[in-house]
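Asker: Structural data only, the sequence is not supplied:
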DNA sequence: GCGACAG
DNA sequence: ATCTTGTCGC
């Protein structure tokens, strides 16, 4: 799938100043919908006859002249893999906290362009609304494709947990509220959740995931969808499969 | 000067 | 993200 013609302006292309990138992010946030606007019933995510859920992740070939990105997208219905694609693209923008979508967004869109299936929902490795300008990777790509999306990050970029998240039991979720490091419009509103997908039985601890709406989903529905994606690991299965696939492609390119 | 942050 | 073996515990 490709971005709709009228959304080409959201594509995270290189050659922009930091100010221009931040301005585009404010534009992206203004176009994002942090409320449910889904073509399916979120309660059916993970069901054999439920929606098509895509997992997205990348691996990098740092030891190349232009650094190369391997972007992978794995689409599932229930626990069955319907389609799996990848793209290998040059990385043209360095990683800067807050501007991750500009480094990874382009290569990810290259992978989506290879997709024959149209997913109903996509899970990204990174933040959505939990972002300084409410326009993290999941939001940026979701808005660019006008595709319902969710951000699943392994660490918290900004925002404040409603209570301590150090020792949550499996399945527990704690609201993350917008704080002073974020757009004023997010202040005190629930921009996402810390979600303990897995936990050890003993005293060892696993950090929670930080789930936030990307586009066309509310914070509550975003966590519900992640919880329904299942899997036996910390990361939801779609994302974990995309991660493994990107690594597989990367290793096959070793020299 | 301090703060300090996805992948 | 990436560089990387063994090791602790169920």
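Answerer: It's in. Only a predicted model underlies this, so the values are computations on that prediction, with no experimental measurement involved.
Asker: and the residue of chain A found nearest DNA strand C, what element?
Answerer: Taking CB to the nearest atom of the strand as the measure, chain A has residue A:59 as its residue closest to DNA strand C, at 3.4 Å. (Glycine included, C-beta is placed from N, CA and C.) For residue A:59, the enclosing helix or strand under DSSP states H and E is strand A:52-61.
Asker: ok, residue A:88 touching residue A:66?
Answerer: No: using CB atoms under 8 Å, residue A:88 is not in contact with residue A:66; the gap is 11.0 Å.
Asker: So between those two, which is more surrounded?
Answerer: Counting neighbours by other CB atoms under 10 Å for residue A:88 and for residue A:66 shows that residue A:88 has the greater number, 15 against 10.
Asker: Now the more buried one: phi and psi?
Answerer: Main-chain dihedrals, residue A:88, degrees, to the nearest 10: phi -120, psi 120.
Asker: what residues are up against it?
Answerer: A:68, A:69, A:70, A:71, A:249, A:253 (CB atoms under 8 Å, 6 or more residues apart in numbering).
Asker: let's see it at 10 Å
Answerer: The neighbours of residue A:88, taking CB atoms under 10 Å, 6 or more residues apart in numbering as the test, are A:61, A:68, A:69, A:70, A:71, A:107, A:110, A:111, A:249, A:250, A:253.
Asker: just residue A:230 next, same as before
Answerer: A:45, A:46, A:78, A:79, A:197, A:236, A:237, A:238.
Asker: go on, residue A:77?
Answerer: By CB under 10 Å, 6+ apart, the neighbours of residue A:77 are A:46, A:47, A:48, A:49, A:50, A:51, A:52, A:53, A:83, A:117, A:119, A:120.
Asker: Give me the neighbour count for the residue in the stretch 151-255 of chain A that DNA strand B sits nearest to.
Answerer: Per CB to the nearest atom of the strand, residue A:154 is where the stretch 151-255 of chain A lies closest to DNA strand B, at 3.4 Å. Residue A:154 is flanked by 12 other residues according to other CB under 10 Å.
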